[in-house]
Structure formats: C-alpha cells, structure tokens
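In: Let me see the structure of the following:
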Amino acid sequence: MIGGGPAGTMAALMAAEAGAEAALWERNNNLGKKLTITGKGRCNITNLADIGDLVKNIPGNGAFLYGAFSRFSAEDTCNFFTSRGLSLKTERGRRVFPCSDDAHEVVDTLGLVLERAGVEVKYHMRAKRLCLRQGKACGVYAYSGELHPADAVIVATGGVTYPATGSTGDGYALAMEAGHTIIPPRPSLVPLETLETWPAEVSGLSLKNVEMQICDHAKILDKAFGEMLFTHFGISGPIVLSLSNIVTAAPNSGRGLSALIDLKPALDDQQLNARLLRNFQKFTRKHLINSLDELLPASLIPVFVSLAGIDGHKPVNQLTREERTKIQTLFKALPLTIKGPRPIDEAIVTAGGICIKEIDPKTMGSKIASGLYFAGEVMDIDGLTGGYNLQAAWSSGFVAGKSAAEG
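Out: As a prediction, the model looks like this:
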C-alpha cells in the first residue's frame with residue numbers, strides 16, 4: 001500500500017484482515033496528515049446518505065463507485081469506527097463527526113487498528129517507480145533504489161491538493177508508468193476569485209441561508225443554498241466550494257461566469273417588496289444608508305448601496321419607484337464576476353487523476369497491469385463537501401484491499 005491516508009489505511013487493514021501480509025508506506029513521519037485538517041480539524045468522517053445520494057453527491061464519476069458503496073456503505077463506515085472505540089455523532093445534513101470534534105482521534109484509532117491487524121507501517125517511504133514484469137506489478141522501488149517485492153501494489157497517494165501533507169501527484173507518475181491515462185488534475189472544492197474587488201471590503205463576513213447561482217449569461221449552470229464567506233480575493237464557504245466544481249470544469253476555468261447571490265431566498269418578489277416597504281415606512285426619515293440595518297449585515301450596507309447606484313444619504317421617503325426596484329433586484333441577485341479558482345494547492349479535493357475507464361470498479365484493479373490497484377483521490381473521482389469524499393476513500397480502499405489480498 002502506497003499512501004497512509006484514509007484510502008490507503010483502509011486498504012491495508014482490509015488486506016491484512018483477509019489474511020495477506022500487508023505493508024503500508026507513508027512518506028511523512030505520521031499517518032493521516034491531510035485527514036487531521038479535514039472538516040476544519042473535526043474530520044467529517046462520512047455522510048449517512050443512501051447509495052443513490054452518495055453517488056449523486058460525487059459529481060466527478062460517482063457512478064463508478066456504486067459497487068464499492070454497496071460493499072462498504074456509510075453505515076458500514078460508522079460501524080467500523082464505533083466498533084473500534086471511536087464515538088461518533090451525526091449533525092445537520094447527515095454529516096458524521098467524532099464526538100470529540102478532534103480529527104486526531106480518527107487518525108489515532110486507525111493507527112491502533114493497523115497495529116492490531118499486524119500491518120507493517122513504514123514511515124519516510126516514498127515510491128519512485130513500480131516493478132513491472134510481463135504486464136504485472138510485482139513490487140515497488142523506493143527512492144533509495146531498493147526493490148520491495150510484492151504480490152500486489154495498491155496506489156492510494158491522493159491528488160495534488162495540500163502538497164504540504166504529501167499529496168504531490170506521485171501516484172499519477174506510477175500509474176503512467178504502467179500505461180494508464182491521467183485526466184489533467186484541476187481544483188475541486190476550491191474558493192473563487194472575483195473580478196470585483198469589493199469583497200475585500202467585507203472580508204471575513206459570513207452570510208447564512210443565502211442562495212447562489214452560477215450563470216453563463218442567462219443560463220443557470222448550478223445553484224446551492226447555505227453559507228458563504230467573503231474574502232480578500234473573492235468568495236469562499238460551503239456553497240461556494242460546492243459550486244466551484246462546475247466553475248473549474250467550464251472553459252477558461254470559469255472566467256467570466258456570474259455568481260448571483262440571493263440574500264433573501266425565503267421571500268419571493270412580492271413578499272420582498274412588501275418587506276422593503278415596511279422597512280422604509282419604519283425608517284422614513286432616515287438616509288438610505290442608515291435604513292437597512294434590519295435587512296443586511298452592517299459591513300455590507302455601504303457596498304450594497306454603492307452597487308445600487310443610489311446616493312446613500314438620500315432620505316428614504318424620497319426614493320423613487322425605480323430606485324426601490326434597483327434595491328429589490330440587488331437583494332435577489334447580488335452580482336459577482338468569476339475571475340477563476342484559487343490555486344489547486346488551496347483546493348480541498350483534486351478533480352482529475354487516473355482514468356476510471358482503465359480501472360475495474362468491482363476490484364479497483366488496473367485493467368492494464370495485473371496486481372496493480374488504486375484507491376481514493378488518486379483516481380478521477382471527486383465529490384461535494386459533507387463527508388462524500390472521505391466515504392469514497394473508505395469504500396474504494398475497502399474494495400482495493402480485499403481484492404488485492406484475494407488476488
């Protein structure tokens with residue numbers, strides 16, 4: 001097993017439990033370095049969705065994992081950890097976390113299970129190339145040049161996001177050596193930069209219960225409801241990360257697409273008009289800029305008024321119908337123009353990777369080289385936020401480990 005993340009760890013455990021002599025290579029000095037920073041350090045272990053929803057929430061080739069999810073479901077993941085002493089809790093959106101809210105407990109649990117299963121964990125080990133003989137993987141060469149023979153090799157090195165954790169694309173080179181095609185990596189679940197600079201003026205402001213649409217001119221490409229965050233470069237937060245996949249997949253990395261923020265998604269146009277009229281009647285003698293405190297966060301008000309193109313010091317009782325319409329329109333569609341995604345090393349997940357058409361979904365085995373298996377993010381698979389990517393890792397690791405052990 002090459003890679004001590006969730007997929008590689010699960011693969012090693014399953015291989016060992018199936019009776020194989022398993023060795024796990026990790027290039028860092030400890031396991032699960034990236035795992036400890038997931039979920040803002042809390043580790044969103046999985047999502048208690050049924051198989052159909054798991055597939056739906058993995059827009060990057062989720063159907064490929066249907067069989068893997070059938071063999072090792074989200075419920076199986078929960079049972080795996082609870083039966084090994086880790087207490088879990090389920091939060092909004094069916095997201096599962098350790099009760100301690102500490103990702104290190106997840107890594108510690110995996111470490112103990114590896115030890116009990118007799119898996120040999122080798123730290124500071126990095127695979128330089130595969131040993132291939134007559135179309136079969138029969139070992140790995142370390143960077144020291146030493147050959148480590150094996151009956152099967154599982155590559156679970158992750159993508160290219162968070163390179164400081166060891167995810168630097170090593171698995172792509174190993175797969176290419178065996179003849180596999182690599183779908184060019186791109187960022188997924190990544191913050192977005194905007195052409196407008198005003199988000200920097202409200203950097204750090206979080207908006208909850210808003211809806212965002214990503215549009216190509218008048219065509220809505222996708223939308224999401226929830227929480228977002230303004231930053232010094234543009235926008236981030238859960239709904240932005242979820243929508244970023246369709247942005248990075250668009251031509252020119254989404255440059256020129258529009259992000260429209262509905263600040264009052266619970267109100268239709270008629271209801272919002274009535275709400276605005278009540279507000280302006282209440283503050284009829286105030287200036288516009290001082291009349292929106294009950295409708296907007298304080299830091300957003302100056303920006304909002306400026307975008308409306310109305311003098312902020314104009315008394316509310318002097319607003320024209322046209323100006324009220326501008327305000328109402330802005331509440332329902334606060335516009336931003338996408339400049340592009342942040343760099344790939346800032347993304348949570350890598351889209352792209354080893355082409356799944358060259359991998360057997362029943363075994364996670366290579367269709368090109370026998371004895372070679374893949375698991376996790378190194379494959380061209382990527383999901384939304386909410387525990388879906390980790391479940392993909394657990395499930396694919398489970399199948400790869402079992403299959404490699406069974407030969």
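
In: For the rest of this, base every contact and every neighbour count on C-alpha atoms.
Out: Fine.

In: Residue ranges of each domain in the protein, please.
Out: 6-188+348-406, 192-341 (automatic domain parsing).

In: Pick the most deeply packed of those.
Out: Of the domains of the chain, the one with the most neighbours on average (mean count of other CA atoms under 10 Å) is domain 6-188+348-406, at a mean of 21.

In: Does residue 379 touch residue 358 like I think?
Out: No - the pair residue 379 / residue 358 is not scored as a contact, 10.1 Å apart, by CA atoms under 8 Å.

In: returning to that earlier point: could I get the domains of the chain in TSV, plus columns for mean pLDDT?
Out: As requested, the domains of the chain are exported to TSV (pLDDT from 0 to 100):
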stretch	mean pLDDT
domain 6-188+348-406	95
domain 192-341	96
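
In: if I look at residue 280, how far off is residue 110?
Out: 58 Å (CA to CA, to the nearest Å).

In: what do you get for residue 15?
Out: Distance from residue 15 to residue 110, by CA to CA: 14 Å.

In: Kindly report the same for residue 70.
Out: Relative to residue 110, and taking CA to CA, residue 70 is found at 22 Å.

In: cool, and residue 282?
Out: Taking CA to CA as the measure, residue 282 falls 59 Å from residue 110.

In: How about residue 18?
Out: Residue 18 sits 17 Å away from residue 110, going by CA to CA.

In: The residue lying closest to residue 314 once chain neighbours are set aside pairs with what?
Out: Distances taken as CA to CA, 6 or more residues apart in numbering place residue 287 nearest to residue 314, at 5.2 Å, with adjacent residues excluded. Using DSSP bridges, the bridge partners assigned to residue 287 are residue 315.

In: Which residues are in contact with residue 287?
Out: 312-316 (CA atoms under 8 Å, 6 or more residues apart in numbering).

In: Tell me which stretches of the stretch 201-350 of the chain form helices.
Out: 238-249, 269-282, 301-308, 321-332 (DSSP state H, counting those that start in this stretch).

In: would TSV of those with distance to residue 136 be doable?
Out: Output for the helices of the stretch 201-350 of the chain, formatted as TSV (distance: least, CA to CA, whole Å):
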stretch	distance to residue 136
helix 238-249	34
helix 269-282	64
helix 301-308	62
helix 321-332	58
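
In: Which secondary structure elements does the helix or strand containing residue 397 sit against?
Out: Following DSSP states H and E, one finds residue 397 within helix 388-406. Contacts defined by 3 or more CA pairs under 8 Å, 6 or more residues apart in numbering; DSSP states H and E place helix 388-406 against helix 6-17, strand 46-47, helix 66-71, helix 74-82, strand 153-155, strand 365-366, strand 372-374.

In: repeat that for 6 Å
Out: Applying 3 or more CA pairs under 6 Å, 6 or more residues apart in numbering; DSSP states H and E, we find helix 388-406 packed against helix 6-17, helix 66-71.

In: The longest one: how far from the chain's middle?
Out: Averaging C-alpha positions (CA atoms, centre = their mean, to the nearest Å) puts helix 6-17 22 Å from its chain's average.

In: what's that helix in contact with?
Out: Contact with helix 6-17 is made by 22, 156, 375-376, 393-394, 397-398, 400-402, 405, as judged by CA atoms under 6 Å, 6 or more residues apart in numbering.

In: Repeat that for stretch 91-109.
Out: 32, 36, 41-48, 87-90, 386.

In: for residue 54, helix, strand, or coil?
Out: Under the three-state scheme (DSSP: H, G, I helix; E, B strand; the rest coil), residue 54 adopts helix.

In: mind checking how far the closest residue in space to it that isn't next to it in sequence is from residue 253?
Out: Nearest-residue entry for residue 54: residue 388, 6.5 Å, with adjacent residues in sequence omitted and distances by CA to CA, 6+ apart. Using CA to CA, residue 388 is found at 24 Å from residue 253.

In: Next: residue 75.
Out: Distance, residue 75 to residue 253, using CA to CA: 36 Å.
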